[in-house]
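**Student:** take a look and give me a structure for this.
(one chain, ligands or ions: 1)
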Amino acid sequence: MTSERDSAQSREEEEDSALGYYDEEDDLEAFSDTELGCEDGELGFTNPLNGEVKPRILLMGLRRSGKSSIQKVVFHKMSPNETLFLESTNKICREDVSNSSFVSFQIWDFPGQIDFFDPTFDYEMIFRGTGALIFVIDSQDDYVEALSRLHLTVTRAYKVNPDINFEVFIHKVDGLSDDHKIEKQRDIHKRANDDLVDAGLERIHLSFYLTSIYDHSIFEAFSKVVQKLIPQLPTLENLLNIFISNSGIEKAFLFDVVSKIYIATDSSPVDMQTYELCCDMIDVVIDISCIYG
Ligand SMILES: Nc1nc2c(ncn2[C@@H]2O[C@H](COP(=O)(O)OP(=O)(O)OP(=O)(O)O)[C@@H](O)[C@H]2O)c(=O)[nH]1
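**Tutor:** Residues are numbered from 1 along each chain as shown. Modelled structure (predicted):
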């Protein structure tokens, strides 16, 4: 027990030193950690009692692609319009999300540009403990640079840890027509995969999602990312299948009420409208319980 605790602690110390890329003393006035709910180097990512390591989700992408907005809207209930006033992220911002025994992970929000060649940035240490890497691409901007950055990031990460789930959010699709969305997705999908094939890395699998903070698509995409990190998922899905077949209920979701991401659903297809309806119902229940609870 003691040695487990010691090794958890030393792993944590190692991770903290891996963040040396951004000077933690460098307390930029324009960037208030408290306001942004962002803490540096102080969170206990490993439980000191049992040494359990929480899965890590990285948010990466070019500057202003929408990474911090996604984190704030999904996990801090920030309204989408408020994200217009978010400051640019200057250093790696780590957050511990522990809403339930299933929704328990760390999110690391990265600044726009990471220099993989900077010797003080220990990316090997960061990728080694990563469960999912979300790469955010601004679909309203020219994405040539984003695609080359995606390629560089994915290939580096894969070399260090081939078990990472690579998730690409084609983000800010609220400004696009349905046809345009599909067209962008097809184009980005093809170019990203062509780059991997050219590098002889076709075995790397990228998953693509069309997302926006102005509708429920970001919650749905995040749900799918989180589900892949839950080892009990098949059991939960089976239980929900049994539940709907015995109750006559049409569709069942197992929700994390705090974030509105769904941890599991039965095996019938997810209809976006049903999901949105459930999210709205959760909001109503929370509002009423705030008034009368
Ligand atoms: N239209 C639209 N705008 C968005 C969306 N998500 C984020 N934005 C806007 O994009 C801008 C940049 O968002 P940030 O979250 O600061 O981007 P970031 O990737 O964290 O930027 P850095 O910290 O500089 O790396 C903000 O003005 C947001 O309001 C979206 O889904 N749709």
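
**Student:** every contact and neighbour count from this point should use C-alpha atoms.
**Tutor:** Noted.

**Student:** where does Pro80 land on pLDDT?
**Tutor:** pLDDT recorded at Pro80 is 95.

**Student:** how near is it to Val73?
**Tutor:** Applying Cα to Cα, to the nearest Å, the value for Pro80 to Val73 is 6 Å.

**Student:** next one: Cys290
**Tutor:** In terms of Cα to Cα, Cys290 sits 20 Å off from Val73.

**Student:** of the two, who's got more company?
**Tutor:** Taking neighbours as other Cα atoms under 10 Å, Cys290 and Val73 compare with Val73 leading, 20 against 9.

**Student:** host element of that one?
**Tutor:** Here Val73, judged by DSSP states H and E, is contained in helix 67-76.

**Student:** packing partners for that helix?
**Tutor:** If contacts are counted by 3 or more Cα pairs under 8 Å, 6 or more residues apart in numbering; DSSP states H and E, helix 67-76 sits against strand 56-61, strand 104-109, helix 217-227.

**Student:** from the contact counts, what lies against the last one?
**Tutor:** This means helix 217-227. For helix 217-227, the elements it packs on are helix 67-76, strand 206-210, strand 261-265, judged by 3+ Cα pairs under 8 Å, 6+ apart.

**Student:** contacting residues around that helix?
**Tutor:** Applying Cα atoms under 8 Å, 6 or more residues apart in numbering, the contact partners of helix 217-227 are 70, 74, 103, 132, 167, 169, 209-212, 233, 260-264.

**Student:** show me the two of the residues you listed that sit farthest apart.
**Tutor:** Greatest spatial distance in those: Ser212 and Leu233, 25.6 Å, computed using Cα to Cα.

**Student:** neighbour count: these two, which is higher?
**Tutor:** Residue environment comparison for Ser212 versus Leu233 gives the larger neighbour count to Ser212, 24 against 16, counting by other Cα under 10 Å.

**Student:** which residue is the nearest non-sequential neighbour of that one?
**Tutor:** What sits nearest to Ser212 in space, not counting adjacent residues and going by Cα to Cα, 6 or more residues apart in numbering, is Lys172, at 4.7 Å.

**Student:** for the ligand, see how far away that neighbour is.
**Tutor:** From Lys172 over to the ligand the distance is 4 Å, taken as Cα to the nearest ligand atom, to the nearest Å.

**Student:** what kind of secondary structure is Val168 in?
**Tutor:** When classified by DSSP: H, G, I helix; E, B strand; the rest coil, Val168 comes out as strand.

**Student:** that one touches Val136, doesn't it?
**Tutor:** Yes. Taking contact to mean Cα atoms under 8 Å, the distance of 6.0 Å between Val168 and Val136 places them in contact.

**Student:** which elements pack onto the strand or helix carrying Val197?
**Tutor:** Remark: Val197 resides in helix 178-198, with elements defined by DSSP H and E. Here helix 178-198 is seen to pack against helix 144-160, strand 206-210 when contacts are counted using 3+ Cα pairs under 8 Å, 6+ apart.
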